[in-house]
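*Asks:* Attaching a predicted model along with its sequence, questions to come.
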Amino acid sequence: MVQEENNGINRDMIIPPIQDNRPTLSWQFTIKDKMTLVPPCLGKFRPAVGQCCHQCTPDSLRKKLGQNSSLGFRNLLSVNETQTRFRGWLVRRVCCMLFVSGCKVYASPVVNRLENVCQSNRVKEVLAADQKTPAGQDSQGQINRLTPFLPLIKTCISPGLLRFMGWVMLKMLSSVFGNIQVNLNHLSALHSVSQEGSLLVYVHVRQSIMDCALIPLVLLCHNLRVPYTVCPHQVYSSPLRSILQRVGVVLLPLSALTEQEAEMDSLYSPIMASLVRELLHEGQAISVGVSAESGQGGQWLAHIRQLIKERSVPDVSLVPVGISYDCVPETNIQVSLSTVFQWLWSVLWKRPEGSVRIHFAQPFSLKEMCESGRCRVDEWLPLQDLLLPVILDNGTVRAFGRRQMSWLLPSHCASELKEPTPPDRDTLSIAIILHLVFSATSCMAVMSTSLVSSLLLYKHCKGVRLSVLCRDVAWLTEELLFRNKDVGFGGNLTEVLHYSLSLLAPHLIIAALPSREDPFIVPRPSLTAALHLSLQAQIVIHTFISEAVGACAVSAMLCEVAVSVVSSSVNSDSVDGVKVRGDMDFDVVLCQSELTERALQLCHLLPPGFMPPCQSSQSFSLDAIDSLVRCGILIMEEIPRDVPICDFWKKEGALAWTSSDDPYQSDSDCEEQDLHSYKISQPIQCPEMLFFLCSLLAGHLRALCWTTTALDFIDTPLPESKFVAQIHSCLCDTANKKKQHYESCSEEAAYTAVRTLIDLGVITEERQEGGVFLRVCPLFQSPENRQKLQHFIKQYLYN
């Protein structure tokens, strides 16, 4: 039970408990401490998630403050007769059908949409430039050229079919998930914004094909306008395509397997941009998924931003949506009628397992973000300008800036953004994409399986006893809540742990001796198990990213100190030159400026979506070091100075005055900047916490190291897809040889590592007729330079 105070009134709000229909394990355990995971640090409040960015959209934040104070959850699958207008024995058996039939549905008739799309300037320009459509050809010839895209343009929402599909989805999902908890915090804001006539665009991070079904279903059940949903998966079955297109699902053309293939057609992007414009003119809502690794899906946001810039659309309210799964459903499937029936048949013979938590964030104005100028950070620079001088020891001046990620936006979309300054034409669109990826990920609740997976993968990879795991689960839950991160579980510790281990059991080895009640748990040393645990633990890494960057910076400096101590002891003739006083029992002073510089260099290597997009890299690195002080890992000490801090006079004996109207100056500008140093604190938990934080980034950094090594065994140039496939194969081979670190060899890790090396200038891109080809840069064909690169990355890698 958690009490929330609202205008002086205390309301008791129930944390959704762990579902009862959980699978059983083959072993039983008892825990004497029946600790309840209602966090003591919360007091009378739960973490408030999903608020607008106070820096980029302060007006949207102030507008809705005070309307989101009531907290509650609703299980979407729990439909009973109280949610209908009728009562009785028969109603209780058909209450789901009655509930869906009573939901409000907004019809969307297709009126002149095809004609408007054909008459748009974007489509006309492409048709005129296309060799297949000679200039002056009649409209019938243009329609023939548009034939593959006609079903996409005619996508609509049929009220009757939508209600039927809503009922079918509720029945299907009740056989898959134990519950689907919807956070009601910001739904009232969505209702008010919708009533004001604002256009809503829902943005989520792609995890599963289920994402495309859950968001429309939740909105339907809460009487909100069902959005047109962009589906990135190919559907080949004609009947299934027809049904989906009549419930507002925008599918890929039949000629393309993926979005990348669809974008190869010169007409696809202009038609989709024109379709978005027509949908917004009709007052429709849109649901878009964005990939955190490749940025796929961001082109839709770029189209919307361009429409606002052209004043074709007055404004759009963006709504980040966080979806958390206990077990992420499989995504690498081909959607067809046969696979759907096979899936339905398999669902009938298994218990529902796992739960889903859905958070709708506070809507904010895209126009405010674009035109106010607040959504900006320091200068965006190529990664090779930021890190290459440091790696090759050729640069003496540190370059402060933000890593440029132009690949998040397809080249054809960037060419449509006709900005006055070509170098910065797509900077704002990329900043918006990064902002929404970060916001949607921040809305996601940490599920119990995510928490246990992170502990088993990054703290107890060699195994742990159940009693120790229980202690760590309670500790990590408190740490998450102290960081204002919501959790998607409740109940006592025994139930939470039993539930999580039940779902993760196929990926664990649980050894329980009859003579002992404390089982020993080890992650399975296999690729499938490691990738599953790593996928579940991503949200925990996102929560602790600031502390993880700071911990890796500290680890890099400690390794440098250790190497210098060992080398000095080897060169010393005295036997008593080095005294070992035990693990972590030494006095090492770490300079603030050097620590911050190490953290700054590391944050440039992070994948997209981890850093707050509206914060400069330098500010983030400073926060990373400060977070370790708050954790108790570091103790800040002041370096003695010649002049006392309380003495405001300079050595010359005069004050340095500044202009009073300069907003960036303060009364203390006449002082020299305070110098600080840090020491490692000595509590018993400190080393354990430091190593856990370092391990969170080890998978990404290890994939970078292995990819650099794999460049020796790849003959270039190669097409980009084949190059990434060979890197992925090399990563898997390396993990198999070492029999560990399988979390570093996923397809996403290979793609992210290759993209980082391209930005770093280690791999160059060559655009040819057959596509994009990759080859190793001549500068890094030298073994010496590759060794320098590996040394730079390995300094942050905790082994």
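*Replies:* Arrived safely, thanks for sending.
*Asks:* I'd say Phe620 and Ser546 touch.
*Replies:* Yes - shown here, Phe620 and Ser546 form a contact pair, counting by Cβ atoms under 8 Å, at 7.1 Å. From N, CA and C alone the C-beta is placed, and that goes for glycine too.
*Asks:* Looking at these two, which is more packed in?
*Replies:* Taking neighbours as other Cβ atoms under 10 Å, Phe620 and Ser546 compare with Ser546 leading, 24 against 21.
*Asks:* is it true that the more buried one lies in a strand?
*Replies:* No - Ser546 is assigned helix when assessed by DSSP: H, G, I helix; E, B strand; the rest coil, not a strand.
*Asks:* where do the strands sit along the stretch 101-250 of the chain?
*Replies:* Secondary structure of the stretch 101-250 of the chain, counting by DSSP state E, counting those that start in this stretch: strands at 179-183, 200-205, 228-230, 249-250.
*Asks:* do you know which of the ones you listed lies nearest Leu531?
*Replies:* strand 200-205 (17.7 Å; Cβ to Cβ).
*Asks:* which helices and strands sit right next to the closest one?
*Replies:* helix 187-195, helix 211-221, strand 286-290, helix 298-309, strand 317-325, helix 427-443 (3 or more Cβ pairs under 8 Å, 6 or more residues apart in numbering; DSSP states H and E).
*Asks:* What's the local residue count around Lys154?
*Replies:* Lys154 has 12 nearby residues by other Cβ under 10 Å.
*Asks:* so who does it touch?
*Replies:* 110, 113-114, 245 (Cβ atoms under 8 Å, 6 or more residues apart in numbering).
*Asks:* now, among these, which is nearest to Leu275?
*Replies:* Arg113 (7.8 Å).
*Asks:* What count of nearby residues applies to that closest one?
*Replies:* 20.
*Asks:* try Ser454
*Replies:* Look at Ser454: counted by other Cβ under 10 Å, it has 26 neighbours.
*Asks:* in the stretch 501-650 of the chain, which segments are predicted with low confidence?
*Replies:* Low-confidence segments of the stretch 501-650 of the chain (pLDDT under 70): 514-516, 563-587, 638-650.
*Asks:* what do you get if the cut-off is 80, keeping everything else the same?
*Replies:* Applying pLDDT under 80 to the stretch 501-650 of the chain flags the ranges 512-517, 561-588, 637-650.
*Asks:* residue ranges of the helices in it, please?
*Replies:* In the stretch 501-650 of the chain, the helices defined using DSSP state H, counting those that start in this stretch lie at 527-536, 538-543, 545-571, 592-603, 617-631.
*Asks:* how about the ones you listed in CSV, adding distance to Leu409?
*Replies:* Converted to CSV, those look like this (distance: least, Cβ to Cβ, whole Å):
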stretch, distance to Leu409
helix 527-536, 26
helix 538-543, 22
helix 545-571, 23
helix 592-603, 21
helix 617-631, 20
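*Asks:* Ok, which of those comes nearest Leu797?
*Replies:* helix 545-571 (8.0 Å).
*Asks:* ok, the residue nearest to the spatial centre of the chain - contacts?
*Replies:* Most central in the chain under Cα atoms, centre = their mean is Thr441, positioned 4.3 Å from the mean C-alpha point. Contacts for Thr441 (Cβ under 8 Å, 6+ apart) come out as 205, 292, 322, 539, 542, 609.
*Asks:* how close does Met369 get to His54?
*Replies:* Distance, Met369 to His54, by Cβ to Cβ, to the nearest Å: 12 Å.
*Asks:* between these two, who's got more neighbours?
*Replies:* Met369 (25 against 11).
*Asks:* helix, strand or coil for the more buried one?
*Replies:* Put simply, Met369 is helix when judged by three-state DSSP.
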